[in-house]
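>>> from the sequence below, what's the structure:
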Amino acid sequence: MQLRSLMVMALTLAITPPYIHPQETANSTSSIPNTSIVHVDAKSEGTPFPHFWEDIFGSGRAILSLRESYRDDLRKVKKVTGIQAIRFHGIFMDEVGLFDLDASGHPVYNFSYVDQIYDGLLANGVRPFAELSFMPARLASNPAALHAFWYKQNVSPPKDYAQWDNMITAFAQHLVDRYGIDEVSQWYFEVWNEPNLDFWGGKPLQSTYYELYDHTAAALKKVNSRIRVGGPSTAQAAWVASFLDHAKQTGAPVDFVSSHVYANDTAKDVFHTDEAIPRDRMVCRSVRKVHDEIAASPFPKLPLIFSEYNASYANEPNVTDTVYMGPWLATTISQCDGLTQAMSYWSFSDVFEEQGVVKTPFYGGFGLIAEDSIPKPALNAFAMLHELGDRRIPVDSDSALATKRSDGTVVMALWNYAPPFGTGPTYTPPPADLGPGKTFTLKLDGVASNASGQLWRVDAEHGNVLKTYDAMGRPAILTRDQIVRLREAARPSPPEQIALKGGTLTVNIPPQGLVVLEIRNGKLAH
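Take a look at the predicted model:
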């Protein structure tokens, strides 16, 4: 069935050109399913369109950043996205070695690995998004409060808040001394991770987290008022209104709001309703919820950062490993525009050990790059979407995003969203019939009627390493030759050269396909 589906897809693409001028399809357009006419006015001034989706990425815990494989993957992502910061758990964990007690019970600080971790990020052109977690064992009120993750982080509150405060002060002062306040003031310091779940062991959860936040924020500001601190870093878009009310009542400093959501979170958990919110709508529904809560709070101008998001919070190989991520990312970007200052995709690499040592290269990991530095289709999608301009032009389609660059080049994303072919931890091969394709007829005003450009694709036949991996029989352990072949298969497809005819272009997109195209309007594209 797997080989048959690939043969059917190859045959379909062979007989259907990737883009067709309308003159060539005038008699057959009505027979093509899901045909959309999209008008684009390139003369429109548009609205600012910052690349909020690619500024920050999550990663495996702090100590993993010392690995060469981690840094290799970071460099790959840096090369094709606008990444500016990295967020990870565990900078205070014992494996990093920051905190200990001497024989007399006095704190001892060791910044050796902290420095190597942050130096490594900065050397690769990204800053830390400094999540302040988890609890050092000798500072923990409950040494047995270990999380279920493979690396068993301690999630309890501190046994002595004076020692916690002193550790935070020493940590922040060391960073300012080492990097300078002009640098450190550009970082974000986020207090803990998802305290509304089992990542926090205080009882009751909310009030004990607020106590932790108040102490931490005060200790940071004691070092320098320019240090940015925020929270509540909650899962499922929770607690934000309460958190800001608390800050107003207590005077606790807060410079930004952070929260998390995943596309397969439930409406019951996020909105406390019984709705069935589809996977392509959940993230931005949640972002809007928090955006509106901030606007109605005592701090309506605070920046909002969704410091974790993805299409799944679980390992689902039909989701995060596949071309499904292309249209999912595009529609999420389109919907979330204007609601948040930044969103941190979780995560940039499968150098990642929450569930233990990686056992197979494509297991539904969260990363853009699989084990052995093999890019997934999601990395190609991010690279394509990076090409979008910095001003958004209105279009009359929920499957299209039109932008332009400062030189007048029009850049558009078009997609054919279709749900994953399977869910859960077991991979489901694509069906023989992938579903209907989608045809876009673009009518562009304000550009030369014969303007040229180029077009990139991610779909089952373009930029899709899984086609080759599936043909290999999905081996759990790869040979060196297979790694080389998969890296080659993962490369983005070369751009297709395109040209308008009479200001019009028609583009066909298969299910779960993403297209990004640029029209140069007589000028060179960057």
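
>>> in this protein, which spans are helices?
Assignment of helices within the chain using DSSP state H yields the ranges 2-15, 68-80, 112-123, 161-179, 181-184, 205-223, 240-250, 267-270, 282-295, 325-336, 377-385, 465-471, 480-489.

>>> need the winner for burial among those helices.
Burial among these, expressed as mean neighbours by mean count of other CB atoms under 10 Å, is greatest for helix 377-385, which shows a mean of 26. Every C-beta, even on glycine, is put in place using the N, C-alpha and C of the backbone.

>>> and the contacts of that one?
By CB atoms under 8 Å, 6 or more residues apart in numbering, the surrounding residues in contact with helix 377-385 are 53-54, 76-77, 80-81, 320-323, 325-326, 329-330, 333, 345, 368-369, 413, 456, 458, 463-466, 490, 492, 514, 516.

>>> any idea how far it is from the middle of the chain?
Using CA atoms, centre = their mean, to the nearest Å, we find the averaged C-alpha position of helix 377-385 to lie 11 Å away from the chain's own average C-alpha position.

>>> what of stretch 254-269?
In terms of CA atoms, centre = their mean, the centre of stretch 254-269 is set 13 Å apart from its chain centre.

>>> determine how far the last residue of that stretch lies from the first.
Using CA to CA, to the nearest Å, the span of stretch 254-269 from its first residue to its last is 25 Å.

>>> so which bits of that stretch are buried?
V254, D255, F256, V257, S258, S259, H260, V261, Y262, A263, N264, D265 (16 or more other CB atoms under 10 Å).

>>> give the contact list for the last one.
If I follow you right, that is D265. Taking CB under 8 Å, 6+ apart as the criterion, D265 is in contact with A235, Q236, M282, S286, Y313.

>>> from S258, how far out is E308?
When CB to CB, to the nearest Å is the yardstick, E308 and S258 sit 9 Å from each other.

>>> contact partners for the residue nearest the centre of the chain?
Central residue of the chain (CA atoms, centre = their mean): Y345, 1.5 Å from the mean position. Applying CB under 8 Å, 6+ apart, one finds that Y345 lies in contact with W53, E54, I56, F57, G58, Y309, N310, L368, F382.

>>> could I have the buried ones of those as ChimeraX selection syntax?
Restricted to the buried members of these, where burial is judged by 16+ other CB under 10 Å, the ChimeraX selection command reads as follows:
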select :53,54,56,57,58,309,310,368,382
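
>>> out of the contacts of Y345, who's nearest V223?
Distances from those to V223 were compared by CB to CB; the smallest belongs to I56, at 23.1 Å.

>>> pretty sure the closest one is touching I305, no?
Yes: with contacts defined as CB atoms under 8 Å, I56 counts as touching I305 at a distance of 7.2 Å.

>>> okay, and the common contacts of the two?
Counting by CB under 8 Å, 6+ apart, the common neighbours of I56 and I305 are A342, M343, S344.

>>> I figured W192 was touching G231, is that so?
Yes: W192 is within contact range of G231, at 7.0 Å (criterion: CB under 8 Å).

>>> what about these two, which has more around it?
Summary of the neighbour comparison: W192 and G231, criterion other CB atoms under 10 Å, with G231 having more neighbours (29 against 23).

>>> wait, isn't the more buried one in contact with E194?
No: in this structure, G231 sits apart from E194 without contact. The criterion is CB under 8 Å, and the distance is 10.6 Å.

>>> might one say that N193 is in contact with F199?
Yes: the criterion here is CB under 8 Å, and N193 meets it with F199 at 5.1 Å.

>>> more neighbours: these two, which one.
It is N193, of N193 and F199, that has more neighbours when counted by other CB under 10 Å, with 26 against 20.

>>> what does the pLDDT read for the closest residue to S452 other than its chain neighbours?
Of all residues beyond its chain neighbours, the one nearest S452 is A499 (4.4 Å), with distances taken as CB to CB, 6 or more residues apart in numbering. The predicted local distance difference test score for A499 is 94.

>>> do the same with N264
N264 carries a pLDDT value of 97.

>>> distance of it from T423?
Distance, N264 to T423, using CB to CB: 8 Å.

>>> low-scoring stretches of the chain, by residue?
Across the chain, the stretches falling below the confidence threshold (pLDDT under 70) are 1-33, 522-526.

>>> residue at max distance from the center of it?
Here the farthest residue from the centre of the chain, with distances given as CA atoms, centre = their mean, is S104 at 45.2 Å.

>>> mind listing what's buried along stretch 47-64?
Applying a neighbour-count criterion of 16+ other CB under 10 Å, the buried positions in stretch 47-64 are 49, 51-64.

>>> distance between the ends of it?
The distance separating the two terminal residues of stretch 47-64, taken as CA to CA, comes to 39 Å.

>>> centre of the chain to that stretch, how far?
Taking mean C-alpha positions (CA atoms, centre = their mean), stretch 47-64 and its chain are 6 Å apart.

>>> start the count at 365 instead of 1 going forward.
Fine by me, first position is 365 from now on; the one you just mentioned is stretch 411-428.

>>> sorry, back to before: of the buried residues of stretch 411-428, which pair is most distant in space?
Across those, no pair lies farther apart than F413 and I427, at 36.5 Å, counting by CB to CB.

>>> who's in contact with the residue nearest to S816?
A863 is in contact with N814, A815, S816, G817, L869, counting by CB under 8 Å, 6+ apart.

>>> excluding sequence neighbours, find me the nearest residue to M646.
A627 (4.8 Å).

>>> any residues in contact with both of W556 and G595?
Taking CB under 8 Å, 6+ apart as the contact rule, W556 and G595 both touch Y573, Y577.

>>> next one: the nearest residue to T792 once chain neighbours are set aside from M499, what distance?
Nearest-residue entry for T792: G786, 2.7 Å, with adjacent residues in sequence omitted and distances by CB to CB, 6+ apart. Taking CB to CB as the measure, G786 and M499 are separated by 38 Å.

>>> more neighbours: the two, which one.
For the pair G786 and M499, the greater number of neighbours falls to M499 (27 against 17), based on other CB under 10 Å.

>>> how about the strands in the stretch 765-890 of the chain?
Taking DSSP state E, counting those that start in this stretch as the criterion, the stretch 765-890 of the chain carries its strands at 774-780, 802-809, 816-822, 860-863, 868-873, 877-883.

>>> in the stretch 365-514 of the chain, which spans are strands?
If DSSP E, counting those that start in this stretch is used as the criterion, the strands of the stretch 365-514 of the chain fall at 383-384, 399-405, 411-412, 420-422, 449-452, 463-465, 471-473, 491-496.

>>> format those strands as a markdown table; extra columns: distance to A659.
As requested, those are exported to a markdown table (distance: least, CB to CB, whole Å):
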| stretch | distance to A659 |
| --- | --- |
| strand 383-384 | 42 |
| strand 399-405 | 30 |
| strand 411-412 | 18 |
| strand 420-422 | 22 |
| strand 449-452 | 25 |
| strand 463-465 | 39 |
| strand 471-473 | 41 |
| strand 491-496 | 24 |
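
>>> just these: most buried one?
Among those, the stretch with the highest mean neighbour count (mean count of other CB under 10 Å) is strand 420-422, at a mean of 26.

>>> what does that strand rub up against?
By CB under 8 Å, 6+ apart, the list of residues contacting strand 420-422 from outside reads 441, 445, 447-452, 493, 669, 671-672, 706-712, 730, 732.
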